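**Student:** For reference, the sequence and a predicted model appear below.
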Amino acid sequence: MSDMCLMRARRVLALLLAVSMAGVAGAAARLSFDDLLANLKSPNAKTREEAAAALGKSRRREAVGGLSALARDPESKVRFEAAHALRELRDPAAIPALVTFTEDPEPDIRQESIVALVELYIDIDRATGVERFVEIFSDQYDGTILPPYMKVEPSVLRALTLGLRDDDRRIREESALALGLLGAKSSLNELGQALQDPEPSVRGAAALAIAKLGGTQHGRALVALLADGADSVRNRVLHALGVLKVREAGPALREMFEANRRKEMGLRALEALSRVADPAQADLFRELIQDADPERRRLAIEGLARVSDASVLSAFKKDYQREKSDELKVAYSFGITLLGDRAFLDSVILNLPSRTLGKRCRDYVLELGRDVLPELYSYLNDPDADIRAALCDILAILGEPESVARLSPLVNDPSPQVADRANRAIEHLRRTSAEASVR
């Protein structure tokens, strides 16, 4: 046979094979739900694997039982597809199987089960693991992640706590982050031990989790990690110290700032120093208010407001009037409000819809807390729908049951965005109140 004939024969064979495979795929797509369930028990591992994947895409929760039975399947590919399918279905009935998967010999399956368990309780973006977990931790107000009325199954927390001792570095890291996201205060001691993990990523994850859980008792251990050899650990520890407001970290943070004044690490240290509210650092804040760098000036304004009393109000107001930067004017407004003059809260509220300043203003209002609730309520009638909508979210986070009555009229707001967010805020506050009364 000539080379040309041989090539033609190969093309015909390839075409026939493609048609055959398409027919098989089409037949698989036509399988009924009951057929897919039956295929989970097939002696053919590939059939079980494909059935598990298809059932995950079906979104039918009746598949949980059959998929759960694959937690002990001898084939790792089948177990992975079963774990992924249960993640897709997001049904609490899958918890026992997902807990079993956290003990799987394959680290990829253990990792998939951790993400699946977190997603059962928290609505986060799909197709992400540790990266998305870390992104969530960037929120300073860490109590806003797991709804306070949500009860996490004890077996889930036990499995994740055991994950802190996993042989795989990724599993230890994600277990730490998951415990923080799921409010596992009972695991704080184990997370404290994880601060000594040989892997920097695990130490950093433990620091973030401790911050999210409000583990102030681990403040001293966190301060010691400012000398860690890994930049990633120091960065996460700086965030944790700021969130926890570990005042005794003041001297070490100042030393780090002075050693890195013109570096990114120095700015991170100053941000943490601004939050921990150590009165001994007031002289540094006064110095930096005159700094040429606007970011250092902003942090100095915030820091000085947190450690001062009303005696600095006059100077703050004068500086506010002379300031040309909108960002710094908002920082002064926050500081003046914090020091007792509520009239300046207006500037913070009016910037809530701002693309550049909105998140910072939200954080300012949340830090001011329930003390400014009377002033916040008056803005629920603001003509700007974006302001009304933003306040619905803030009032939900602040968690004052009295806010329900104030928010109720907004359910009939002419803006659909405001009406929806008011409704969600009300439901959140009612559930929170009901949960608190049960305790």
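**Tutor:** Cool, got the structure.
**Student:** Going by C-alpha atoms from here, please, whenever you check contacts or count neighbours.
**Tutor:** Will do.
**Student:** isn't D73 right up against R79?
**Tutor:** Yes: using Cα atoms under 8 Å, D73 is in contact with R79, at 6.1 Å.
**Student:** of the two, who's got more company?
**Tutor:** More neighbours surround R79 than the other of D73 and R79, with 25 against 16 (other Cα atoms under 10 Å).
**Student:** ok, now which ones touch that one?
**Tutor:** By Cα atoms under 8 Å, 6 or more residues apart in numbering, the contact set of R79 is E49, L70, A71, R72, D73, I109.
**Student:** right, and the helix or strand after the helix or strand hosting L304?
**Tutor:** For L304, the host element (DSSP states H and E) is helix 294-307. Sequence order places helix 313-322 as the next helix or strand after helix 294-307, per DSSP H and E.
**Student:** ok and that following helix relative to helix 294-307, angle-wise?
**Tutor:** 150 degrees (axes from the mean of the first three to the mean of the last three Cα atoms, to 10 degrees).
**Student:** What residues sit buried inside helix 313-322?
**Tutor:** L313, F316, K317, Y320 (16 or more other Cα atoms under 10 Å).
**Student:** from memory the third one sits against I336, does it?
**Tutor:** Which is K317. Yes: taking Cα under 8 Å as the definition, K317 is a contact partner of I336 at 7.4 Å.
**Student:** quick one: A259 and A269, what's the gap?
**Tutor:** According to Cα to Cα, to the nearest Å, A259 and A269 sit 10 Å apart.
**Student:** So for these two, which residue has more residues nearby?
**Tutor:** A269 (28 against 12).
**Student:** Now for that one, which secondary structure element holds it?
**Tutor:** Using DSSP H and E, A269 falls in helix 264-276.
**Student:** tell me the SS of D166?
**Tutor:** coil (DSSP: H, G, I helix; E, B strand; the rest coil).
**Student:** who are the neighbours in contact with it?
**Tutor:** R172.
**Student:** Regarding it, what are the backbone dihedral angles?
**Tutor:** Phi and psi for D166, reported as degrees, to the nearest 10, are phi -60, psi 150.
**Student:** try R388
**Tutor:** Dihedral angles (degrees, to the nearest 10) for R388: phi -60, psi -40.
**Student:** Am I right that it is in contact with A419?
**Tutor:** No: between R388 and A419 there is no contact under Cα under 8 Å: 9.5 Å.
**Student:** out of those two, which sits in the more crowded spot?
**Tutor:** R388 (29 against 22).
**Student:** who touches that one in this structure?
**Tutor:** Per Cα under 8 Å, 6+ apart, neighbours of R388: Y379, L380, N381, D382, V418.
**Student:** In those residues, find the pair that's most separated.
**Tutor:** Largest separation among the contacts of R388 by Cα to Cα: Y379 and V418, giving 12.8 Å.
**Student:** okay, these two: which has more neighbours?
**Tutor:** Legend: neighbour count by other Cα under 10 Å for Y379 and V418, higher for V418 (24 against 16).
**Student:** In three-state terms, label the closest residue to the more buried one other than its chain neighbours for me.
**Tutor:** Nearest residue to V418, sequence neighbours excluded (Cα to Cα, 6 or more residues apart in numbering): A389, at 4.6 Å. What three-state DSSP gives for A389 is helix.
**Student:** same question for the helix or strand harbouring R421, mean pLDDT?
**Tutor:** In this structure, R421 sits in helix 416-438 according to DSSP H and E. On average, the pLDDT along helix 416-438 is 85.
**Student:** list the contacts for the closest residue in space to S155 that isn't next to it in sequence?
**Tutor:** Closest residue to S155 apart from its sequence neighbours, by Cα to Cα, 6+ apart: V99 at 7.2 Å. By Cα under 8 Å, 6+ apart, the contact list for V99 reads S113, S155, V156, A159.
**Student:** Just the ones of the residues you listed in helices?
**Tutor:** Among the contacts of V99, the members found in helices (DSSP state H) are S113, S155, V156, A159.
**Student:** and these, which two are the farthest apart?
**Tutor:** S113 and S155 (13.2 Å).
**Student:** which of those two has more neighbours?
**Tutor:** Neighbour tally, S113 and S155, criterion other Cα under 10 Å: the higher count belongs to S113, 28 against 12.
**Student:** what's the distance between the more buried one and L120?
**Tutor:** 11 Å.
**Student:** go on, A71?
**Tutor:** Applying Cα to Cα to A71 and L120 gives a distance of 18 Å.
**Student:** quick one, which of these two is more surrounded?
**Tutor:** A71 (23 against 19).
**Student:** Low-confidence ranges, the protein, go.
**Tutor:** 1-29, 124-145, 147-149, 435-439 (pLDDT under 70).
**Student:** redo that, cut-off 80
**Tutor:** Within the chain, the stretches with pLDDT under 80 are 1-30, 123-150, 432-439.
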